[in-house]
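1. Test case, fold it:
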Amino acid sequence: MQKPTYISWSTGKDSAWATYQLQQDSSVSIKGILCTVNAQFKRTAMHAVRIDLLQRQAAALNLPLQLLEIPYPCNNEQYLEIMQKANDALVEKGVEYLCFGDLFLEDVRQYRIDNLKNTGINPVFPLWQKDTSELANEMIQGGVKAIVTCIDPKVLDKRFVGREYNHQFIADLPNGVDPCGENGEFHTFVYQGPMFQQTIEVEVGDVVERDGFVFADVSLANLNDS
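-> Okay, here's the model as predicted:
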């Protein structure tokens, strides 16, 4: 019997690659993706991706999308209440597993485990403790194409935002910056990869600073431009 599983989806490379790992596991049945959205800005949390792009990713995965609107600002109590309702809804759908793309942050992993205790849902971490240099290369070689949508200017120069996540991007990273951005140095939007059934055509627009981070606005490409 297959394991009914939802993906905790971020729009970025790690959750996308974790999904790809599960797609190749015949014991897993992926039922849909779950993504938090900033209710005020109508964009995904941290990655700041437009909802229409998120919806295109779900379509490319051929999976239903469950949006969770998070108030801005949002305290931990509010967040946990929203997640509890989401977990209850998943259980009603028969979902037993929730997949995360976490790599090595023990506190984040434990937070997720604690939040799922006694919910009937088990956390799954397909990428856990993989070497991030090897993983970055594996994703790029495997066909993942992504744009860096957000950077932390305390550790990265603004010139890194809006760039393609590729071998050159990784080579240009300063010493101490994780090649997968697991410490929050940067976040990405995946527009092509082996987990998708089609490519999402996008373009990079304005760069803005907000709440201590720098964001590049990614939108659907206007293919009618001459």
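2. Against which helices or strands is the longest strand belonging to the chain packed?
-> Assignment by DSSP state E gives strand 28-38 as the longest strand of the chain. Packed against strand 28-38, as judged by 3 or more C-beta pairs under 8 Å, 6 or more residues apart in numbering; DSSP states H and E, are the following elements: strand 3-8, helix 13-23, strand 43-44, helix 51-61, strand 65-70, helix 76-92, strand 97-99. C-beta here means a position set from N, CA and C on the backbone, and glycine is covered the same way.
3. can you do 6 Å?
-> Applying 3 or more C-beta pairs under 6 Å, 6 or more residues apart in numbering; DSSP states H and E, one finds that strand 28-38 contacts strand 3-8, strand 65-70.
4. Strand partners (parallel or antiparallel) of the first one?
-> I take that to be strand 3-8. Applying DSSP bridges, strand 3-8 is found paired with strand 28-38 (parallel), strand 97-99 (parallel).
5. buried residues in it?
-> 3-8 (16 or more other C-beta atoms under 10 Å).
6. What of the last one?
-> With burial defined by 16+ other C-beta under 10 Å, the residues of strand 65-70 counted as buried are 65-68, 70.
7. and of the residues you listed, the nearest to Glu92?
-> Gln66 (11.8 Å; C-beta to C-beta).
8. Look up the closest residue to the closest one, ignoring the ones flanking it.
-> Nearest residue to Gln66 in three dimensions, chain neighbours excluded: Leu34, at 4.8 Å (C-beta to C-beta, 6 or more residues apart in numbering).
9. show me what contacts that neighbour?
-> 6, 8, 66 (C-beta atoms under 6 Å, 6 or more residues apart in numbering).
10. Tyr165 versus the last one, what's the distance?
-> Right, the one you point to is Gln66. Distance, Gln66 to Tyr165, by C-beta to C-beta, to the nearest Å: 26 Å.
11. what do you get for the first one?
-> Separation of Tyr6 from Tyr165 (C-beta to C-beta): 25 Å.
12. My guess is Gln192 contacts Gln198. True?
-> No. Gln192 lies out of contact with Gln198 (C-beta atoms under 6 Å); the separation is 8.6 Å.
13. Mind checking which of the two has more residues around it?
-> Gln192 (17 against 10; other C-beta atoms under 10 Å).
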